[in-house]
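> Quick one, fold the following:
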Amino acid sequence: MSNRIKTGLDRLTENSKLLLNLGNKVAYLGHEASVTARLEPGHLIINELIGNRLDRLFGPQHGFSTLDQDNMIETSHQVHPSLGIPVYSLYSSARQPSPEMLNGLDTLIIDLQDVGTRVYTYIWTLYLIMESCRQRNIRILVLDRPNPIDGLTIEGNLPQTAWYSFVCMAQIPMRHGLSIGEMALLFNQEFNNEVNLEVVPMTGWERSMHWDDTGLPWVNPSPNLPTPSGALVYPGSVLIEGTEFSEGRGTTRSLELFGHPELDPFSLSPLLNKELSKAGLSGFVLRPTFFKPTFQKHMGKVCGGFQFHCTNRDEFEPWKLMQHSLRILYHELNLEKFWNTDPYEYETDGLGIDYINGTSDIREWIESNGSPAELNELEIKGQIEFKEKRNEVLIY
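Next up, the predicted model:
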């Protein structure tokens, strides 16, 4: 356990002035990873501190208890078993709080462990809450937490507005290098700084830190990210959701594996490594392996594939690694179906891979067997403007 790093939650428990200023009706948005450094559940700690002023709870995708698997698996509203207060789901029939859910609130505390990747929906739940609370002048207090894959590295293209969805509502690259508190400040720029927003910063966190540098305990922020190494590869492995490959859901290393029943990893490995090296990629090993998903894609079938292993964080580029891997696999494997055509995060028009990328340009680059230079051009377009906006909100 780190003696240096205190999350926003840990700092809130020590700040009586902040507790006094919360108002008479307070809500708390959290999940299983919303814990103190001593692994105490945040909502119970806040209940101890403010008593019946804690009026209601909110949960993001996967539920307040982080139980529900996969995309578009909705969570119902409920009553907290011990506190006896409502728990409203923000991943149910709607993903934005209704006026009834916010009625009478003075302050909404947001305490979510994000993973630093654009398509992880917790930042978009934050975005929609900010939009709703702005209209009602409800105060938002964001308890900051570490970006587990560092606060420096930026990877990926900026999305096109035509591909905005619940995994993308603003000009954010796939790997953004912001804490969730900084992301709230960035979103407030979008809202002309009209949200009544305060961020409780961490102490002791440095931008270069990965999760294992923090000394903080890892609690799954969602059911399929059981390890910090999974969070590190997620800016790349999430792309697999837009394909017919398994991303390892239904194994103990979900989102660290990818594969397909028609893939022979040991035959393909030499070519894949050669092509990835030609693209200038390093800092990783793609270990050939077989796995059998127990649910979701290719359930019960043996899949040949690869596990991501990062060997050098300074060189590792998971987004670019996966884009090039998909390009190679698209042209080397004679699959009847490569892209997943199922609805993606409630979007039924277009392919999921295009919503994940925020553009169809990258899929077209893959299909045309484009060059590394062409992908670089797609990636850097707009990044200068993003970095300028990002610099204005950095806390650390």
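
> shaky segments in this protein?
1-3, 72 (pLDDT under 70).

> mind giving me the domain ranges of it?
Here the domain parsing of the chain from automatic domain parsing is 8-218+387-391, 228-380.

> where's the longest one relative to the chain centroid, distance-wise?
Just to be clear, that refers to domain 8-218+387-391. How far domain 8-218+387-391 lies from its chain's middle: 12 Å, per Cα atoms, centre = their mean, to the nearest Å.

> How far does that domain stretch from one end to the other?
21 Å (Cα to Cα, to the nearest Å).

> Show me the helices in the stretch 251-396 of the chain, by range?
265-278, 318-332, 352-357, 361-367, 372-380, 383-391 (DSSP state H, counting those that start in this stretch).

> Ala184 sits in which helix or strand?
Using DSSP states H and E, Ala184 sits in helix 180-190.

> My guess is Ile362 contacts Pro159. True?
No - using Cβ atoms under 8 Å, Ile362 is not in contact with Pro159, being 10.5 Å away. All C-beta spots, glycine's among them, are computed from the backbone N, C-alpha and C.

> mind listing what the residue sitting nearest the centre point of the chain touches?
Most central in the chain under Cα atoms, centre = their mean is Tyr120, positioned 2.6 Å from the mean C-alpha point. Tyr120 is in contact with Asp114, Val167, Ser222, Tyr234, Val238, counting by Cβ atoms under 8 Å, 6 or more residues apart in numbering.

> and the residue in the chain sticking out farthest from the centre, what is it in contact with?
Farthest-out residue of the chain from its mean C-alpha position, per Cα atoms, centre = their mean: Ser267, at 33.2 Å. If you count contacts by Cβ under 8 Å, 6+ apart, Ser267 has none.

> From the chain's centroid, how far away is stretch 305-324?
For stretch 305-324, the distance to the chain centre is 17 Å (Cα atoms, centre = their mean).

> mind listing what's buried in it?
305-308, 310, 316-324 (16 or more other Cβ atoms under 10 Å).

> The helix holding Ala184 versus helix 383-391: what angle between them?
110 degrees (axes from the mean of the first three to the mean of the last three Cα atoms, to 10 degrees).

> what's in contact with the helix or strand just after helix 180-190?
On the C-terminal side of helix 180-190, the nearest following helix or strand under DSSP H and E is strand 197-200. Identification of contacts with strand 197-200 by Cβ under 8 Å, 6+ apart yields 8, 11-12, 15, 18, 130, 139-144, 181-182, 184-185, 188, 395.

> List buried members of those residues by neighbour count.
8, 11-12, 18, 130, 139-144, 181-182, 184-185, 188.

> Identify the residue nearest Gln171 in space, chain neighbours excluded?
Leu158 (5.0 Å; Cβ to Cβ, 6 or more residues apart in numbering).

> SS state for that neighbour?
coil (DSSP: H, G, I helix; E, B strand; the rest coil).

> Contact partners for it?
With Cβ under 8 Å, 6+ apart, Leu158 has these contacts: Gln171, Ile172, Pro173, Gly358, Lys381, Gly382, Gln383, Phe386.

> From Gln61, how far out is Ile240?
Per Cβ to Cβ, to the nearest Å, Ile240 is found 18 Å from Gln61.

> and stretch 372-387, how far apart are its ends?
Rule used - Cα to Cα; the end-to-end distance of stretch 372-387 is 23 Å.

> which of the residues in that stretch are buried?
Leu375, Leu378, Glu379, Gln383, Phe386.

> and if you look at stretch 337-346?
Phe338, Trp339, Asn340, Tyr344, Glu345.

> Could you find the closest non-adjacent residue to the second one?
Taking Cβ to Cβ, 6+ apart as the measure, Trp339 lies nearest to Leu351, with 5.3 Å between them; neighbours along the chain are not counted.

> could you redo the buried residues of stretch 372-387 as JSON lines and give each row distance to Gly84?
Listed next are these as JSON lines, based on distance: Cβ to Cβ, whole Å:
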{"residue": "Leu375", "distance to Gly84": "53"}
{"residue": "Leu378", "distance to Gly84": "52"}
{"residue": "Glu379", "distance to Gly84": "50"}
{"residue": "Gln383", "distance to Gly84": "48"}
{"residue": "Phe386", "distance to Gly84": "44"}
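
> Let me know the closest of the residues you listed to Leu67.
Comparing the buried residues of stretch 372-387 against Leu67 with Cβ to Cβ places Phe386 closest, at 34.4 Å.

> quick one: the residue nearest to Gln171 from Leu378, how far?
10 Å.

> Likewise for Arg134?
For Arg134, the distance to Leu378 - Cβ to Cβ - is 33 Å.

> if we can go back for a sec, out of the buried residues of stretch 305-324, which comes closest to His43?
Nearest member of those to His43, counting by Cβ to Cβ, is Pro318, at 32.6 Å.
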